[in-house]
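Participant: when you get a sec, could you give me coordinates for this:
(one chain, ligands or ions: 2)
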Amino acid sequence: MKISVVGTGYVGLVTGVALSHIGHHVTCIDIDETKVEKMRQGISPIYEPGLEELMKENIQAGRLFFTTSHQEGFKDVDVIYIAVGTPEKEDGSANLEYIEQAVRDIAANITKDVIVVTKSTVPVGTNHYIKELLISLVPKHINVEVVSNPEFLREGSSVYDTFHGDRIVIGADNEEAAKVIEEINKPFGIPIFKTDIKSAEMIKYASNAFLATKISFINEIANICEKVGADVESVALGMGMDKRIGSMFLRAGIGYGGSCFPKDTKALTKIAANIDHNFELLKAVIKVNNHQQRILIDKAKERFGSLAGKKIALLGLSFKPNTDDMREAASIVVSKELIAEGAEVVAYDPIAIENAKKVLPQEVVYTESIEDALENADMAFILTEWAQIKELDLNIYVQKMKQPIVFDGRNCYSLSEVQKYPIEYHSIGRKPIYNYQFQTV
Ligand SMILES: NC(=O)C1=CN([C@@H]2O[C@H](COP(=O)(O)OP(=O)(O)OC[C@H]3O[C@@H](n4cnc5c(N)ncnc54)[C@H](O)[C@@H]3O)[C@@H](O)[C@H]2O)C=CC1
Ligand SMILES: O=C(O)[C@H]1O[C@H](OP(=O)(O)OP(=O)(O)OC[C@H]2O[C@@H](n3ccc(=O)[nH]c3=O)[C@H](O)[C@@H]2O)[C@H](O)[C@@H](O)[C@@H]1O
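Facilitator: Ligands and ions are numbered 1, 2, ... in the order given. Predicted coordinates:
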C-alpha cells in the first residue's frame, strides 16, 4: 500500500517508520525543513529508543521517504495519515488549526481517491468535520473517506508499543474504508477493534482520562498513607493483584505530565461542557495533579521553612524517563516555584537538557553529571526516574551534598536500601527516613 503521513512528531514519525517496516511504501511529510533534512539522513529529531535504527533500515530498503512537499508526498497515495499536533488552547479545548491546515494541504494536492486516517487525538465530531471540509474542497470526481485511528503509544517506548500494543482502534462509518485500514494494520498482529467514528474518537479521550484518574487516585492514597503511616507501594501492590483493578498506572509520584494527559483531560472536560455536562470527576483528577506537581516543594518548605538561598539539585527534568520531551513536565512547575522562592537551582538530565533550556527559568544552572549537580547542595529533588538515577550509588548523596537530604518524587529507592545510609529521605506515600543529623546553620 502506498501511504503518506502528515506530521513527523512522536506519533507521525513512529507510525511512518512502523508502517514502512511492515512493508508499506511510506512518505512522511513535515513543514519543518530542518527536521526533514535530518530524517532524510536517518537521524531522528526526537529521542526514542530503537527508532533511529528502524528509520535507517527502512530508508535503505527503499520503503521510507521524507519530504516537505505535500504535492510530492501525496503523489499516487492510497491512504493519508494525519498526525499533526492538537495542542491545548488557552481555554483548555483542543486547537484544531493544524488539523485544518493538513486537511487543506490534502485537498489542494490529491489527484485520486484516498482514505484519510486521523491519528491525531481529536474531539468527538472532528472526523466528520474533516470529511465535510474535504468534500467541500476536493474536485467532485475524487472520492475521500475518513477513518479515525487513534494512537495509544507512550513516549519513551513508542517503537515497542507500536509493535506490541493492546489494540488498534479503527473507527469508520464506511465498511470498505475500515477494511482497507484493517488490512494495512494486520501485519502488526495486534487485536483490531472496529467501531463507529465518534466512539473511536471517544475511546482515545476516555482511555487517557481513565489512566490519569488512576494516577491521581493513587497519589491521593499516597498522601493519606503518609499521614496514617501506611506504605503506598504495598497498598498499590495489594490493590493491583485484583485483576479488576490491575497493577499498572498505580505508581505514586509527583503527578502526570507530558504532551497528552494534561491536555486531553482538559479537552475532555471541555467536550463535556459543550453538551452541558459537568465532568466533576475529571476536574478533580486535574486539580489533584496540579497539587501533586508541587508536593516536593510543600515537603521541603515544611522541613526547612524558607527555601531562600538554598542550593537545590533537580535530578531528572523530562516528564518521564527515556524521552527528551519537556511538555508539561513537573520540573517546569518545580523550578519556577523554587526560583520564585529565592532558591539556587542546579539541574541534571541525561537527555532533556537542550529542551529544558527552552522552558525552564533562565536562572537554572545545568550540569553534565549527577555528581556535579549534587556538589555542595542543601537538598536534592528527584523528578524523573531515569535508570541512571535509580541505579545511583547512594553514597554519592552522602559524599557530594552539603547535607544529604533527598526529596524523591518518584520513589526511586527502596526504604530498606536507603536505611543503610546516613541520608534524610522523603518520598511519596512512604515513611520518611531520618538517618542524617540535621545541623541548623
Ligand atoms: N506524543 C504522544 O505520545 C502521543 C500523541 N498523540 C496525539 O498525536 C498527535 C500528534 O502528537 P505529537 O506527535 O506529539 O505532535 P508533535 O507536535 O510532536 O508533531 C507534530 C508535527 O506535525 C508537523 N506539522 C504541523 N502541521 C503540518 C502540516 N500542515 N503538514 C505537515 N506537517 C505538519 C509539525 O511540524 C510537527 O513536526 C496529537 O494529536 C497528540 O495528542 C497520541 C498518542 C501519543
Ligand atoms: O495520548 C498520549 O499521548 C499517550 O499518553 C500516555 O503516554 P505518555 O504520556 O507518553 O506516557 P505515560 O507513560 O502514560 O506517562 C504519562 C505521565 O504519567 C506519569 N505516571 C505514569 C504511570 C504511573 O503509574 N504514575 C505516573 O505518575 C508519568 O511519570 C508521566 O509523567 C498514554 O500512556 C498513552 O497510551 C497515550 O497514547
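Participant: helix or strand: which one has the spatially most central residue of the chain?
Facilitator: Central residue of the chain (Cα atoms, centre = their mean): residue 258, 3.8 Å from the mean position. Secondary structure assignment for residue 258, by DSSP states H and E: no helix or strand.
Participant: contacting residues for it?
Facilitator: For residue 258, the contact set (Cβ atoms under 8 Å, 6 or more residues apart in numbering) comprises 155, 319, 320, 325, 327, 328, 329. No exception for glycine: its C-beta is placed from N, CA and C like everyone else's.
Participant: and which of those residues is nearest residue 126?
Facilitator: Lowest distance from residue 126 to the contacts of residue 258 (Cβ to Cβ) belongs to residue 327, with 21.1 Å.
Participant: identify the residue nearest the closest one in space, chain neighbours excluded?
Facilitator: residue 259 (4.1 Å; Cβ to Cβ, 6 or more residues apart in numbering).
Participant: and that neighbour, what's its pLDDT?
Facilitator: Per-residue confidence (pLDDT) for residue 259: 92.
Participant: from here on, count from 35
Facilitator: Renumbered: residue one is now 35, and that last one reads residue 293.
Participant: look up how far ligand 2 lies from residue 70.
Facilitator: Remark: distance between residue 70 and ligand 2 (Cβ to the nearest ligand atom, to the nearest Å) = 23 Å.
Participant: wait, a strand at that residue?
Facilitator: No - assessed by DSSP: H, G, I helix; E, B strand; the rest coil, residue 70 does not belong to a strand; its assignment is helix.
Participant: which SS class is the nearest residue to residue 452 once chain neighbours are set aside?
Facilitator: Spatial nearest neighbour of residue 452, excluding adjacent residues (Cβ to Cβ, 6+ apart): residue 459 at 4.7 Å. What three-state DSSP gives for residue 459 is strand.
Participant: tell me who's in contact with residue 459.
Facilitator: So residue 459 contacts 439, 440, 442, 447, 449, 452, 466, 467, 469 (Cβ under 8 Å, 6+ apart).
Participant: and the buried ones among those residues, selectable in ChimeraX?
Facilitator: This is how ChimeraX selects the buried members of the contacts of residue 459, with burial counted by 16 or more other Cβ atoms under 10 Å:
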select :439,440,442,447,452,467
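Participant: need the contacts of residue 459 in CSV with pLDDT and secondary structure, can you?
Facilitator: Formatted as CSV, the contacts of residue 459 follow (pLDDT from 0 to 100; DSSP: H, G, I helix; E, B strand; the rest coil):
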residue, pLDDT, secondary structure
439, 98, strand
440, 98, strand
442, 98, strand
447, 98, coil
449, 98, helix
452, 97, helix
466, 97, coil
467, 97, strand
469, 94, coil
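Participant: anything in stretch 91-106 near ligand 1?
Facilitator: No - Stretch 91-106 stays out of contact with ligand 1 when judged by Cβ under 6 Å from any ligand atom, the minimum separation being 6.6 Å.
Participant: quick check: domain ranges of the chain?
Facilitator: 36-229, 230-474 (the TED database).
Participant: just how off-centre is the last one within its chain?
Facilitator: Relative to its chain's centre, domain 230-474 lies at 14 Å (Cα atoms, centre = their mean, to the nearest Å).
Participant: got it, and stretch 42-58?
Facilitator: 18 Å.
Participant: can you name the residue of the stretch 185-334 of the chain nearest to ligand 1?
Facilitator: In the stretch 185-334 of the chain, the residue that lies nearest ligand 1 is residue 185 (3.9 Å; Cβ to the nearest ligand atom).
Participant: residue 116 versus that residue, what's the distance?
Facilitator: 11 Å (Cβ to Cβ, to the nearest Å).
Participant: same check, this time on residue 408
Facilitator: Counting by Cβ to Cβ, the gap from residue 408 to residue 116 is 45 Å.
Participant: give the bridge partners for the residue lying closest to residue 229 once chain neighbours are set aside, please.
Facilitator: Leaving aside its chain neighbours, residue 229 sits nearest to residue 205 (5.3 Å; criterion: Cβ to Cβ, 6+ apart). Taking DSSP bridges, one obtains residue 182, residue 229 as the residues bridged to residue 205.
Participant: how about the residues of the stretch 135-284 of the chain by ligand 2?
Facilitator: 155, 185, 186, 187, 188, 189, 242, 245, 249, 283, 284.
Participant: where does the stretch 35-184 of the chain get nearest to ligand 1, which residue?
Facilitator: residue 43 (1.9 Å).
Participant: local confidence estimate at residue 81?
Facilitator: Confidence score, pLDDT, at residue 81: 88.
Participant: same check on the one 5 residues further on?
Facilitator: In the prediction, the pLDDT value recorded for residue 86 is 97.
Participant: list the contacts for residue 259?
Facilitator: 265, 266, 269, 463, 464.
Participant: next, the buried residues of the helix or strand harbouring it.
Facilitator: Element membership for residue 259, per DSSP H and E: helix 231-262. For helix 231-262, the neighbour count (16+ other Cβ under 10 Å) marks 231-232, 234-239, 241-243, 245-257, 259-260 as buried.
Participant: what packs against whichever helix or strand comes after that helix?
Facilitator: Following helix 231-262 in sequence order, the next helix or strand is helix 266-274 (DSSP H and E). For helix 266-274, the elements it packs on are helix 231-262, judged by 3 or more Cβ pairs under 8 Å, 6 or more residues apart in numbering; DSSP states H and E.
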